[in-house]
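Asks: Sharing a model that was predicted from the sequence below.
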Amino acid sequence: MAGDVTGDKDQAPEAPSERLSLFRYLTAENSGDYLAIMRLFSSTLLADLSAAEVVNLLREEGRNLDTDAVEERCRMLVRWGNLIRSLRDARVPTIADYRNSRARFQMSTLGGRVQRQVEDLFRATDGAREVAREVLGHTVGVLDRIHERLSGTAPDAEALAAEVTTVFNNQALFSESARDFYSYLGSVLTRYDLVGEEYATLKGLLLEYVELISNDVARHSPAIVERLARLDPLLPSLVDLLSALPGLEAGGGPVERLPGRSLSDWAQLSAWYTGSTGRSGPAQLRAAAEQALGQLITNAKRMLSAGGTGASRRADLLRLAALLATADAEQAERAFASAFGAYGMRHLSGGAEEPDTQVSPTTSWWHAPPIEVPLSLRERGDRTARGRSSRVPDPGTDRIWLTAQAEQEAGRLRAAVAELIAARTMHGAQVSEYAREVLLDYVGDFMARHQVLPPDEPVTMPFEDVGMSLVVTYSKGRNTVVRSPDGTCCVIHGLIVRVEQIAGQQASGGMS
């Protein structure tokens, strides 16, 4: 549970990017040096060290670094926020010692927290963590004692503070250990190589230990909820009593108080058990247990299925590895080829179902097109056809829609060509947007076929499919400017463009 932070309410919280910089020394270059330096500063309380002192201490651990390198590492840790500069005056006998001791460093508050988390992570194992389920019953007794003390006359504030701290520490320990246990359980259940003894061990762990946790939570959660409900009217007086105890003042900056010293902490604790702000903690534990049990059953079905492609081949691979470890080169090659089918690459023609009949038996698999493998065979190793054949779609509706769309496009093209023929000379002509696009398309075709034009001689290019001709004359210094309702569309430099109708034809939409 988070504690209450008191202090200046207007002070803006530190940016998340600055907090993330506290972890940079873990992945930065020379991370081993940074870790060794941080261990020195976190080994004792109020460690105040200079670069020279750090060098001597590191040398005792077998890590040789010069003073300049250590000072540079410490300066980087100061920049990232893990260390702070010390203002204590160095009392040294010589100037040389003063130069070596003038830059002194201390551990920052957040830097110390990060280093402690890192050390805890290094000490943790990859195995399962035992859940502190016994603290639930202890929490019930502590809540009863808190209620008795508050109901009496002149309650002992110090004893109440100890009981409150115990309640929230128990809750934090239980929640953290439960999260770690179920995270481990989820990572193991997703493995496909669980067979034999490993699967039996996990099955016992799931069916016995998870059931034990679920029973403890189901037995103690209602009692904790009932105690918290009885304490709810007395919480304001409890918070007042705890606030009157000697403690840190907020005058020097924000103070992070112990959990249970504010009403919001108790509200969060009650919400974890009752689910007043969402799904409760016991409900989440029950859902996680059901999900784990379902995954266990899925693994059992996979192992019992003879044709499933997800069956574990761990035992076969171990047997092959033992054979390869003791075999000579020739036997190892034969065993590997037999196990993985690593023979010469030959393409066996399968007849009419081949996607490319030109592929011969001598074509390598590397160059041959891939063969479509049915989903049932690829996923389950089963050749049995499932489901039913899909209905053959009726193309009549699509044909009608495509025909109508083509007729509409042809009508627009006829209207645009008729508009261009009516304008005749394109320079200064005002045409519609679509007619402009049609003109640009045909001018592009003309320029693709006639890249070199004789000067001052018109060149005609007929477009019989639409019944018009494009007459273009190259004239240096003269331009063709075409306008449309949305503004000047283009300026064709050095060309005079005209559109004429082919004799005996009408503007056509390009459809027969």
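Replies: Received the coordinates, thanks.
Asks: hey, let's count contacts and neighbours off CA atoms from now on
Replies: Will do.
Asks: Check the closest residue to Ser214 other than its chain neighbours and give its pLDDT.
Replies: Spatial nearest neighbour of Ser214, excluding adjacent residues (CA to CA, 6 or more residues apart in numbering): Arg286 at 6.8 Å. Arg286 carries a pLDDT score of 84 in this model.
Asks: ok, now Ile224?
Replies: Per-residue confidence for Ile224 comes out at a pLDDT of 91.
Asks: Report all helices and strands that the helix or strand harbouring it contacts.
Replies: Remark: Ile224 resides in helix 211-231, with elements defined by DSSP states H and E. Secondary-structure packing of helix 211-231 (3 or more CA pairs under 8 Å, 6 or more residues apart in numbering; DSSP states H and E): helix 134-151, helix 263-274, helix 281-304.
Asks: what's it in contact with?
Replies: Residues outside helix 211-231 that contact it (CA atoms under 8 Å, 6 or more residues apart in numbering): 131, 133, 136-137, 139-140, 143-144, 147, 270, 273-274, 282, 285-286, 289.
Asks: chain center to the helix or strand just after that helix, what's the gap?
Replies: Once the chain leaves helix 211-231, the next helix or strand it forms, by DSSP H and E, is helix 235-243. A distance of 43 Å separates the centroid of the chain from that of helix 235-243, by CA atoms, centre = their mean, to the nearest Å.
Asks: of all the contacts of helix 211-231, which two lie farthest apart?
Replies: Maximum pairwise distance among the contacts of helix 211-231 (CA to CA): 33.4 Å, between His147 and Ala289.
Asks: List the contacts of the spatially closest residue to Ser31 that is not a sequence neighbour.
Replies: Leaving aside its chain neighbours, Ser31 sits nearest to Tyr25 (5.8 Å; criterion: CA to CA, 6+ apart). Residues counted as contacts of Tyr25 (CA under 8 Å, 6+ apart) are 31, 34-35, 77.
Asks: Switch those residues over to a markdown table; also include distance to Ala244 and neighbour count.
Replies: Below are those laid out as a markdown table (distance: CA to CA, whole Å; neighbours: other CA atoms under 10 Å):
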| residue | distance to Ala244 | neighbour count |
| --- | --- | --- |
| Ser31 | 46 | 14 |
| Tyr34 | 43 | 20 |
| Leu35 | 41 | 15 |
| Leu77 | 39 | 24 |
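Asks: returning to what we had before: ok, the residue nearest to Ser214 to Glu134 distance?
Replies: 18 Å (CA to CA, to the nearest Å).
Asks: neighbour-wise, which of those two wins?
Replies: Comparing Arg286 with Glu134 by other CA atoms under 10 Å, the one with more neighbours is Arg286, at 18 against 14.
Asks: which helices and strands sit right next to the longest strand that the chain contains?
Replies: Ranked by residue count under DSSP state E, the longest strand found in the chain is strand 468-484. For strand 468-484, the elements it packs on are helix 433-449, strand 458-463, strand 487-501, judged by 3+ CA pairs under 8 Å, 6+ apart.
Asks: Swap in 7 Å and give it another go.
Replies: Applying 3 or more CA pairs under 7 Å, 6 or more residues apart in numbering; DSSP states H and E, one finds that strand 468-484 contacts strand 458-463, strand 487-501.
Asks: got the CA positions of that strand in PDB?
Replies: Taking Å, rounded to 0.1, in the frame of the first residue of the first chain, the C-alpha atoms of strand 468-484 are listed here in PDB:
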ATOM      1  CA  MET A 468     -10.600  13.000 -81.100                       C
ATOM      2  CA  SER A 469      -7.100  14.100 -82.200                       C
ATOM      3  CA  LEU A 470      -4.400  16.000 -80.300                       C
ATOM      4  CA  VAL A 471      -2.600  18.600 -82.400                       C
ATOM      5  CA  VAL A 472       0.600  19.800 -80.700                       C
ATOM      6  CA  THR A 473       3.000  22.400 -82.100                       C
ATOM      7  CA  TYR A 474       6.500  23.100 -80.600                       C
ATOM      8  CA  SER A 475       7.100  26.900 -80.400                       C
ATOM      9  CA  LYS A 476       9.800  28.200 -78.200                       C
ATOM     10  CA  GLY A 477       8.700  30.900 -75.800                       C
ATOM     11  CA  ARG A 478       5.000  30.100 -76.100                       C
ATOM     12  CA  ASN A 479       3.000  28.300 -73.500                       C
ATOM     13  CA  THR A 480      -0.400  26.600 -73.100                       C
ATOM     14  CA  VAL A 481      -2.300  27.500 -69.900                       C
ATOM     15  CA  VAL A 482      -5.400  25.500 -69.100                       C
ATOM     16  CA  ARG A 483      -7.800  26.600 -66.300                       C
ATOM     17  CA  SER A 484     -10.500  24.900 -64.400                       C
END
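Asks: List the buried residues of it.
Replies: 468-475, 479-484 (16 or more other CA atoms under 10 Å).
Asks: domain assignment for the protein?
Replies: Here the domain parsing of the chain from automatic domain parsing is 13-123, 134-246+257-301, 412-501.
Asks: hey, where'd the helices end up in the stretch 51-200 of the chain?
Replies: 51-60, 67-80, 95-101, 109-123, 134-151, 157-189, 196-204 (DSSP state H, counting those that start in this stretch).
Asks: Make TSV out of those helices and add distance to Thr425.
Replies: Output for the helices of the stretch 51-200 of the chain, formatted as TSV (distance: least, CA to CA, whole Å):
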stretch	distance to Thr425
helix 51-60	87
helix 67-80	73
helix 95-101	90
helix 109-123	79
helix 134-151	93
helix 157-189	77
helix 196-204	86
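Asks: Out of the ones you listed, which is closest to Pro455?
Replies: Of all the helices of the stretch 51-200 of the chain, helix 67-80 sits nearest to Pro455, with 72.8 Å by CA to CA.
Asks: State the number of residues packed around Ala288.
Replies: Counted with other CA under 10 Å, Ala288 comes out at 17.
Asks: which residue packs closest to it, ignoring adjacent ones?
Replies: Nearest non-adjacent residue to Ala288 (CA to CA, 6+ apart): Tyr182, at 7.4 Å.
Asks: burial of that neighbour, as a residue count?
Replies: 19.
Asks: That one and Met426, how far apart?
Replies: As defined by CA to CA, Tyr182 lies at a distance of 77 Å from Met426.
Asks: what's the answer for Phe122, then?
Replies: In terms of CA to CA, Phe122 sits 80 Å off from Met426.
Asks: Looking at the two, which is more packed in?
Replies: Using other CA under 10 Å as the criterion, Phe122 and Met426 rank with Met426 on top: 19 against 9.
Asks: Please give me every residue in contact with the more buried one.
Replies: Met426 sits next to 480, 482, 497-498 when contact means CA atoms under 7 Å, 6 or more residues apart in numbering.
Asks: what's the most distant pair in those residues?
Replies: Val482 and Arg498 (11.3 Å).
Asks: Can you tell me how far the nearest residue to Leu285 once chain neighbours are set aside is from Glu290?
Replies: In space, and not counting its chain neighbours, Leu285 is closest to Ser214: 7.3 Å by CA to CA, 6+ apart. In this view, Ser214 and Glu290 are 10 Å apart by CA to CA.
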